[in-house]
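Colleague: pasting a predicted model and its sequence here:
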Amino acid sequence: MRGPSLISARQINSLDDISVYGNTRHDSEEQVPEMSSPDAHPVLVPKDLENYTATTHFILLGFPTRLAMQRLLFLAFLVAYLLTLLENFLIILAIRSDGQLHKPMYFFLSHLSFLEMWYVTVISPKMLVDFLSWDKSISFQGCMTQLYFFVTFVCTEYILLAVMAFDRYVAICNPLRYPVIMTTRLCGVLAGGCWLCGLVTAMIKMVFIARLHYCGTPRINHYFCDISPLLNVSCEDSAQAELVDFFLALMVIAVPLCVVVTSYIIILTTILKIPSAQGRQKAFSTCASHLTVVTLFYSTTLFTYTRPKLMYAYNSNKVVSVLYTVIVPLLNPIIYCLRNREVKTALKKTILCRGSGVREDA
């Protein structure tokens, strides 16, 4: 975590510094030491906080490239965004219209698709506008709103993927009791619990992040408002906010990950005990799609949020963030379609406007 570097006096020698730090000049004050990174800000001592100028806007640095590359990135991300919305919408429509898919596994899949439609919508529209605009500012309220919903959807997805792993565990390891255990009521409670945990976790994080002091117009070295870049531009000690963020992230990431790993260890052990090769292949195919999605999502997000802050200087966090905010939501529906024959059949019926009216209760 970023340690508190206390500064007892402030002096600003240029108009650019005034726009960033929001302080007035006093001849008797000492000069502010040069910051070690472009998005870092001096930490104010408590008595200095009374004189600071509250920020009303942030500047998102995004992807600083040439104009031609900006337009190319705009087209690429626009196509990815529209395809993500279309793919996930078709999956939701197929699950609702085909009675063969009215099962717990597809119930949770529809929630995942719905979540990822909003997940990309929180980030992509603003990012696309910034590609075509010289004004890359975002209001304080807009930044906090974007961060709140982004954290909500990320936390919800972590827990939802764990619930889906538990569903696969029950289906493969206890197939005879599966209809009794995974009832419609339990599925609704589990899905609602995922959303509730995501909302509450995001709310707690926002209480500590939004009350930090951000001086002047800070420049965020990212293409959207994320937690680490915001903590880096705070002009007061953010140790408490970082501690809360770390503890909640540990709960939201580590606990679901343990559930996923434990479930799949038992699943693989059970599959290996199946005598026939055809039976093993059929059992593994029911969870292969989910395992692939879990691997993609966890590997990219864990790399971003668990690596040392020393690596932030290489801006690799923005590249990796593109993977889990743009690429993974785009690939998830494709992965489920390629590996699941029931989903492919339902999508064909949906596209050809031939639905199935038979419903199977969980």
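Modeller: Sure, I can see it.

Colleague: do a quick rundown of the strands in this structure.
Modeller: Applying DSSP state E to the chain gives strands spanning 6-7, 43-44, 57-60, 137-139, 219-220.

Colleague: now for Arg211: which residues touch it?
Modeller: By CB atoms under 8 Å, 6 or more residues apart in numbering, no residues touch Arg211. (Glycine included, C-beta is placed from N, CA and C.)

Colleague: quick one: it from Leu230, how far?
Modeller: Distance, Arg211 to Leu230, using CB to CB, to the nearest Å: 12 Å.

Colleague: Arg341 now?
Modeller: Using CB to CB, Arg341 is found at 44 Å from Leu230.

Colleague: for Leu296, same thing?
Modeller: Here Leu296 is placed at a distance of 26 Å from Leu230 (CB to CB).

Colleague: now swap in Lys349 and tell me
Modeller: For Lys349, the distance to Leu230 equals 46 Å [CB to CB].

Colleague: again with Phe63
Modeller: Counting by CB to CB, the separation of Phe63 from Leu230 is 18 Å.

Colleague: next: Phe153.
Modeller: As for Phe153, its distance to Leu230 is 17 Å (criterion: CB to CB).

Colleague: between these two, which has more neighbouring residues?
Modeller: Phe153 (26 against 23; other CB atoms under 10 Å).

Colleague: give the contact list for the residue lying closest to Met164 once chain neighbours are set aside.
Modeller: Distances taken as CB to CB, 6 or more residues apart in numbering put Phe108 closest to Met164, at 4.8 Å, once the chain neighbours are dropped. By CB under 8 Å, 6+ apart, the contact set of Phe108 is 160, 163-164, 167, 187, 190-191.

Colleague: so how many other residues sit close to Trp195?
Modeller: A count of nearby residues for Trp195, using other CB under 10 Å, gives 17.

Colleague: surely it and Thr156 touch.
Modeller: Yes - between Trp195 and Thr156 there is a contact at 5.6 Å, judged by CB atoms under 8 Å.

Colleague: one step back: per-residue pLDDT, the residue nearest to Met164?
Modeller: pLDDT, Phe108: 96.

Colleague: kindly report the same for the one 4 residues further on.
Modeller: For Leu112, the model assigns a pLDDT of 95.

Colleague: burial check on Ala94, number of neighbours?
Modeller: Using other CB under 10 Å, Ala94 has 26 neighbouring residues.

Colleague: that one is in contact with Leu347, isn't it?
Modeller: Yes - counting by CB under 8 Å, Ala94 does reach Leu347; the two are 4.9 Å apart.

Colleague: quick one: contacts for Leu161?
Modeller: Leu161 sits next to 112, 256, 260, 290, 293-294, 297-298 when contact means CB under 8 Å, 6+ apart.

Colleague: and which of those residues is nearest to Cys337?
Modeller: Distances from Cys337 to the contacts of Leu161, taken as CB to CB, are shortest for Val293 (12.0 Å).

Colleague: let's see the pLDDT reported for the residue lying closest to the closest one once chain neighbours are set aside.
Modeller: Nearest residue to Val293, sequence neighbours excluded (CB to CB, 6+ apart): Asn332, at 5.3 Å. On the pLDDT scale, Asn332 is placed at 90.

Colleague: ok, Lys205 touching Leu248?
Modeller: Yes - between Lys205 and Leu248 there is a contact at 6.1 Å, judged by CB under 8 Å.

Colleague: quick one, which of the two is more surrounded?
Modeller: Higher neighbour count among Lys205 and Leu248: Lys205, with 22 against 18, using other CB under 10 Å.

Colleague: residues touching the more buried one, list them.
Modeller: Counting by CB under 8 Å, 6+ apart, Lys205 has contacts 151, 227, 244-245, 248.

Colleague: which two among these are spaced furthest apart?
Modeller: Within the contacts of Lys205, Val151 and Val244 form the most distant pair, 12.1 Å apart (CB to CB).

Colleague: of those two, which one has the most company?
Modeller: For Val151 and Val244, the more surrounded residue by other CB under 10 Å is Val151, and the numbers stand at 27 against 15.

Colleague: once you drop chain neighbours, what's closest to that one?
Modeller: Counting by CB to CB, 6+ apart, Ala202 is the residue found nearest to Val151 once chain neighbours are left out, at 4.0 Å.

Colleague: residues near the one you found, how many?
Modeller: 22.

Colleague: ok, it - contacts?
Modeller: With contact taken as CB under 8 Å, 6+ apart, Ala202 is in contact with 148-149, 151-152, 155.

Colleague: inside helices: which ones of the residues you listed?
Modeller: When DSSP state H is applied, the contacts of Ala202 are split such that 148-149, 151-152, 155 fall in helices.

Colleague: now a PyMOL select for only the buried ones of those.
Modeller: Per 16 or more other CB atoms under 10 Å, the buried members of the ones in helices among the contacts of Ala202 correspond to this PyMOL selection:
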select buried, resi 148+149+151+152+155
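
Colleague: in a markdown table: the ones in helices among the contacts of Ala202, plus pLDDT and distance to Tyr119.
Modeller: Shown next, in a markdown table, are the ones in helices among the contacts of Ala202 (pLDDT from 0 to 100; distance: CB to CB, whole Å):
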| residue | pLDDT | distance to Tyr119 |
| --- | --- | --- |
| Tyr148 | 96 | 13 |
| Phe149 | 97 | 9 |
| Val151 | 95 | 11 |
| Thr152 | 96 | 9 |
| Cys155 | 95 | 11 |
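
Colleague: just give me the closest of the ones in helices among the contacts of Ala202 to Cys215.
Modeller: Of all those, Cys215 sits closest to Tyr148, with 22.0 Å by CB to CB.
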